[in-house]
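Enquirer: Sequence below, structure please.
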Amino acid sequence: MKKTILAVFLFSAFGLMGQEAFDALRYSQSEINGTARSIGMANAFGALGGDLTALGINPAGIAVYRSSEISFSPILSIAGLNSDFKGSVSSDSKVGFGANNFGVVGSYRTYDNSKVANYNFGVTYNRLKNFTRNVSVIGLNRPVSLLDNLSPGSTLENMAWETYLLDDNYNPVLQEGELLDNEQYAIEKGSIGEWNFSMGFNYNYLLYFGASLGVQSVNYEIDTYYKEFFDEGGSMELWNWLKTSGTGINGKIGLIFRPIPELRLGFSYHTPTYYSLRDDYDACLSSYGMPDENNIVEDRSIWISETEPDPVYYQLETPQLFVISAAAQLGQLGLLSVDYERIDYRNIRMRNSSGYPFADVNEDINKFFRLGYKLRAGTEIRLDKQFCFRAGYAFYQSPVANHIEKGNTVIYTPSTAPQYFMEKDAHTASLGFGYRTGVFFFDLAFVEQFRTEHFYPYYNWNGAGEYANIKTNTANIVCSLGVKF
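Expert: Next up is the predicted model:
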């Protein structure tokens, strides 16, 4: 009875699910997505415009339209993952299908003598991030246990105590030097999508202005399973389920300057996205074959939950974003385009539902992350009046500060899910094809993202953090069907 009463008190005091720095980072990033034309050029469309995806990069792109347009872009996504945990290798994959982009732009011409050539309005949807993938990590003959590295005073530590995995002094019941095998599986799914309500105008084909209101939606779910098999007998299982949902709002303004017909220069500013989020959460820790204080061996489990009728509500503010772009027209041959984004991940902020800051989490964010950048470049080569070929490349710098792993900085994870991903630089390569005939157009693109992460099942408090090296290659095939009118 003593243990049960104390566990309930500690669960109440510390909460079952703590929002953490790496949770905040998850909802503050985007990927190469959108129309097939934009993807074919790695989303390097900030100075080009005239594309539904471009409106979310630089809203001045809507002013480039000289006719109305409607299009739809479905996507087939294949995420393959390989992990290496100290020589133990495993792999997994996941296939998904959905809507990547759709929308409509209305273009309205003014009278012939007006300096303002067009007033344009548009409503578009663009998927910003796809979370779908399966993760599997296996470790053999490991000298370190999760039980050696529980965050002091955490909910998970008290769950381990309740299931007799810790003694009365909160020390692991494993023998000194005891080895173990572990397994970690995670199923991630969901996405971040954004609706943009945009308007803009073209001044004398020299300056293009635009503004948009962005409404984002988050739908993320992760189901994780962790197990350890002890060499001296017995085992433990930890299962966590988290679902995060909510909406956010932001604003964007931008301009495109065309000093000469062959050159366009673009600039846009994105305000922070202000999210209201909800977490639903369940967790279970089970022990098998572990004796209690009376040396009785039996299986034990403890469940905790933060779902209906009492989920967790909180607020998230993502960083503001600056985009500088340039595009060159290469006569009738085609074009080249480059986008550069600057984003300070240290400005991510988390607050409770009443608006009061999570001081510890925000301090971690400022310490763990850095000022980063994204670079995108693309080209379109016209083969004739109907056909064109596209190619692109993007580099997304890691948002995590270099000194975090080099200095073996301790990562405190207060929730019952101690795992986290340390993102490295990401590279994306794309190819595309376009066909135009009359008012109809068809575009096809293939893009592959190469992403490396260090996956920590937990942080090793007694030494340097031990991680699995994870490589995720996500291949997307996108087609766009549209009509101009």
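
Enquirer: Low-confidence stretches in this protein?
Expert: The model of the chain has pLDDT under 70 over residues 1-19, 307-309, 414, 462-464.

Enquirer: Show me the strands in the stretch 1-150 of the chain, by range?
Expert: Using DSSP state E, counting those that start in this stretch, the strands of the stretch 1-150 of the chain run over residues 69-85, 88-109, 116-130, 133-142.

Enquirer: Looking at those, spot the one closest to Lys406.
Expert: strand 69-85 (20.1 Å; CB to CB). In short, each C-beta sits where N, CA and C put it, glycine included.

Enquirer: Return the list of helices and strands in contact with that closest one.
Expert: If you count contacts as 3 or more CB pairs under 8 Å, 6 or more residues apart in numbering; DSSP states H and E, strand 69-85 packs onto strand 88-109, strand 116-130, strand 133-142, strand 468-484.

Enquirer: Give me whichever of these is most buried.
Expert: strand 116-130 (a mean of 21; mean count of other CB atoms under 10 Å).

Enquirer: Paired strands for it, with orientation please.
Expert: Strands that pair with strand 116-130, judged by DSSP bridges, come out as strand 88-109 (antiparallel), strand 180-203 (antiparallel).

Enquirer: Mind putting those into a markdown table with distance to Asn118?
Expert: Below are the strands paired with strand 116-130 laid out as a markdown table (distance: least, CB to CB, whole Å):
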| stretch | distance to Asn118 |
| --- | --- |
| strand 88-109 | 6 |
| strand 180-203 | 5 |
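
Enquirer: beta partners of Thr452?
Expert: Lys471.

Enquirer: Just to check, it is in contact with Ala468?
Expert: No - here Thr452 lies out of contact with Ala468, judged by CB atoms under 8 Å, at a distance of 11.3 Å.

Enquirer: re earlier: out of the strands paired with strand 116-130, flag the one nearest Asn476.
Expert: Proximity to Asn476 (CB to CB) singles out strand 88-109 among those, at 7.9 Å.

Enquirer: thought Ser38 was touching Gly49?
Expert: No - contact criterion CB under 8 Å: Ser38 and Gly49 do not qualify, at 10.7 Å.

Enquirer: between those two, who's got more neighbours?
Expert: Taking other CB atoms under 10 Å, Ser38 and Gly49 do not tie; Ser38 has more neighbours (33 against 28).

Enquirer: Please determine how far the more buried one is located from Gly190.
Expert: 22 Å (CB to CB, to the nearest Å).

Enquirer: Extract the CA atoms of stretch 457-467 and return them as PDB.
Expert: C-alpha atoms of stretch 457-467 as PDB (Å, rounded to 0.1, in the frame of the first residue of the first chain):
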ATOM      1  CA  PRO A 457      16.300   5.000 -26.500                       C
ATOM      2  CA  TYR A 458      17.200   7.000 -23.300                       C
ATOM      3  CA  TYR A 459      20.100   9.100 -22.200                       C
ATOM      4  CA  ASN A 460      23.000   7.300 -20.500                       C
ATOM      5  CA  TRP A 461      23.400   9.500 -17.400                       C
ATOM      6  CA  ASN A 462      26.500   7.500 -16.300                       C
ATOM      7  CA  GLY A 463      28.500   8.400 -19.400                       C
ATOM      8  CA  ALA A 464      28.200   9.600 -23.000                       C
ATOM      9  CA  GLY A 465      24.800   9.200 -24.500                       C
ATOM     10  CA  GLU A 466      24.500   5.900 -26.500                       C
ATOM     11  CA  TYR A 467      22.600   6.200 -29.700                       C
END
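
Enquirer: sec struct for the closest residue to Glu466 other than its chain neighbours, please.
Expert: Closest residue to Glu466 apart from its sequence neighbours, by CB to CB, 6 or more residues apart in numbering: Asn460 at 5.0 Å. The three-state label given to Asn460 by DSSP: H, G, I helix; E, B strand; the rest coil is coil.

Enquirer: now for the helices and strands packed on strand 69-85, which one comes closest to Leu25?
Expert: So among these, strand 116-130 is nearest, using CB to CB, at 11.6 Å.

Enquirer: okay, the helices and strands packed on strand 69-85 in CSV with distance to Leu238 next?
Expert: Shown next, in CSV, are those (distance: least, CB to CB, whole Å):
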stretch, distance to Leu238
strand 88-109, 18
strand 116-130, 27
strand 133-142, 14
strand 468-484, 17
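
Enquirer: Determine which of the ones you listed approaches Gln320 most closely.
Expert: strand 116-130 (15.8 Å).

Enquirer: from the middle of its chain, how far away would the closest one be?
Expert: Its chain's average C-alpha position is 22 Å from that of strand 116-130, according to CA atoms, centre = their mean, to the nearest Å.

Enquirer: Likewise for stretch 63-81?
Expert: Stretch 63-81 sits 19 Å away from the centroid of its parent chain (CA atoms, centre = their mean).

Enquirer: the longest strand in the chain is where?
Expert: strand 235-260 (DSSP state E).

Enquirer: Run through who's touching the helix or strand following that one.
Expert: Note on strand 235-260: by DSSP states H and E, the next helix or strand toward the C-terminus is strand 263-270. For strand 263-270, the external contacting residues (CB atoms under 8 Å, 6 or more residues apart in numbering) are 46-49, 57-61, 214, 250-259, 320-329, 339.

Enquirer: Mind listing the strands strand 263-270 pairs with, and their directions?
Expert: For strand 263-270, pairing defined by DSSP bridges yields strand 235-260 (antiparallel), strand 321-330 (antiparallel).

Enquirer: got a markdown table for these, with mean neighbour count and distance to Leu166 too?
Expert: Output for the strands paired with strand 263-270, formatted as a markdown table (neighbours: other CB atoms under 10 Å; distance: least, CB to CB, whole Å):
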| stretch | mean neighbour count | distance to Leu166 |
| --- | --- | --- |
| strand 235-260 | 19 | 11 |
| strand 321-330 | 19 | 45 |
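
Enquirer: Dump those to a markdown table, plus distance to Gly210.
Expert: Below are the strands paired with strand 263-270 laid out as a markdown table (distance: least, CB to CB, whole Å):
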| stretch | distance to Gly210 |
| --- | --- |
| strand 235-260 | 5 |
| strand 321-330 | 12 |
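
Enquirer: Can you tell me how far the residue lying closest to Asp181 once chain neighbours are set aside is from Ser90?
Expert: Excluding its sequence neighbours, the residue lying closest to Asp181 (CB to CB, 6+ apart) is Phe229, at 4.6 Å. Phe229 sits 16 Å away from Ser90, going by CB to CB.

Enquirer: now swap in Leu335 and tell me
Expert: For Leu335 relative to Ser90 (CB to CB), the value is 44 Å.

Enquirer: can you redo the strands of the stretch 1-150 of the chain as a markdown table with distance to Phe442?
Expert: Below are the strands of the stretch 1-150 of the chain laid out as a markdown table (distance: least, CB to CB, whole Å):
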| stretch | distance to Phe442 |
| --- | --- |
| strand 69-85 | 10 |
| strand 88-109 | 14 |
| strand 116-130 | 19 |
| strand 133-142 | 29 |
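
Enquirer: Go through the ones you listed and name the closest to Gly210.
Expert: Nearest to Gly210, of all those, is strand 116-130, at 8.2 Å by CB to CB.

Enquirer: got the angle for the closest one vs strand 468-484?
Expert: 150 degrees (axes from the mean of the first three to the mean of the last three CA atoms, to 10 degrees).
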